[in-house]
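A predicted structure for the sequence below; I have some questions about it.
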Amino acid sequence: RFSIFQRARLAIVQRNVFENSYDTQTLGRGGFILLPRGLEVRLVAKNTAGSPMPAGLVTIYQRTGTLAQIVGQDRISFTPQDAEFSVTQGRSATLFGTRRVLDRRVVNYKDNNGNSHDKLVTRVEVVLTNRGAQPAEAFVREGIERYDDNQWKIVESTTPSEPLGANTVQFKGMVPAGGKLTIVYTVEFE
């Protein structure tokens, strides 16, 4: 194949994304054990080529001196001029994450009119570990369980969050070099 933009150089930003469904955790004998899972390394770039880029295969190179080495490949969709696209390079060898549900319970409560209702309360812990020599920014995207009429809110969190959709919330934080970032949050349905 002939590459349309074979000499195009695009500035890229590395994004470490950790995505979970609402019920992701690891069970082991005697209780929960936390096993490392690599974070996805997503590279985000803006199409600065001067024209729209067609959908297709993107190859990611790293140049060391005169030697260019392939470090990943991914597919992108049609990208208009000046629009962002992202490619996944693979799994990180330095950032790892674990997740467990600390508490999940249905609580009965009475509203202002004295009517009895049930609400689901779930408390989750996500721990990110950085084995690298540089601090790293990480995006933790959590799936929220569907319950009743799907009206949920984060009532407690160690890290600020933003909703990404009807059942997804995102936390963003810095994981220190050689250290950990612990995110504990509680989601409540009414």
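Arrived safely, thanks for sending.

CA atoms for contacts and neighbours, from now on please.
Fine.

gap between residue 187 and residue 173?
According to CA to CA, to the nearest Å, residue 187 stands 19 Å off from residue 173.

Then residue 72?
Separation of residue 72 from residue 173 (CA to CA) stands at 25 Å.

Looking at these two, which has the bigger crowd around it?
Under the criterion of other CA atoms under 10 Å, the comparison of residue 72 against residue 173 puts residue 173 first, with 17 against 14.

Just the element for that one, please.
Using DSSP states H and E, residue 173 sits in strand 168-175.

again, but for residue 101
Take DSSP H and E as the rule and residue 101 turns out to sit in strand 84-110.

what comes up buried for the helix or strand following that strand?
Next along the chain after strand 84-110, taking DSSP H and E as the criterion, comes strand 116-130. Neighbour counts over strand 116-130 (16 or more other CA atoms under 10 Å) mark 119, 120, 121, 122, 123, 124, 125, 126, 127, 128, 129, 130 as buried.

I'd like the next helix or strand past strand 116-130.
strand 136-143.

Name all residues that make contact with residue 143.
19, 20, 21, 22, 167, 168, 169 (CA atoms under 8 Å, 6 or more residues apart in numbering).

before we move on, what about residue 126?
97, 98, 99, 100, 182, 183, 184.

tally of neighbours for the second one?
By the criterion of other CA under 10 Å, residue 98 has 21 neighbours.

how close does it get to residue 146?
For residue 98, the distance to residue 146 - CA to CA - is 22 Å.

Give me the distance between the following helix or strand past the strand holding residue 173 and the centre of its chain.
With elements assigned by DSSP H and E, the helix or strand that comes after strand 168-175 is strand 180-189. Counting by CA atoms, centre = their mean, to the nearest Å, strand 180-189 is centred 14 Å from the centre of its parent chain.

ok, strand 180-189: who's next to it in the sheet?
strand 116-130 (antiparallel), strand 152-157 (antiparallel) (DSSP bridges).

Give me the buried positions along stretch 179-190.
For stretch 179-190, the neighbour count (16+ other CA under 10 Å) marks 180, 181, 182, 183, 184, 185, 186, 187, 188, 189, 190 as buried.

wait, what's in contact with the nearest residue to residue 185 once chain neighbours are set aside?
Spatial nearest neighbour of residue 185, chain neighbours left out: residue 157 (4.1 Å); criterion: CA to CA, 6 or more residues apart in numbering. By CA under 8 Å, 6+ apart, the residues touching residue 157 are 183, 184, 185, 186.
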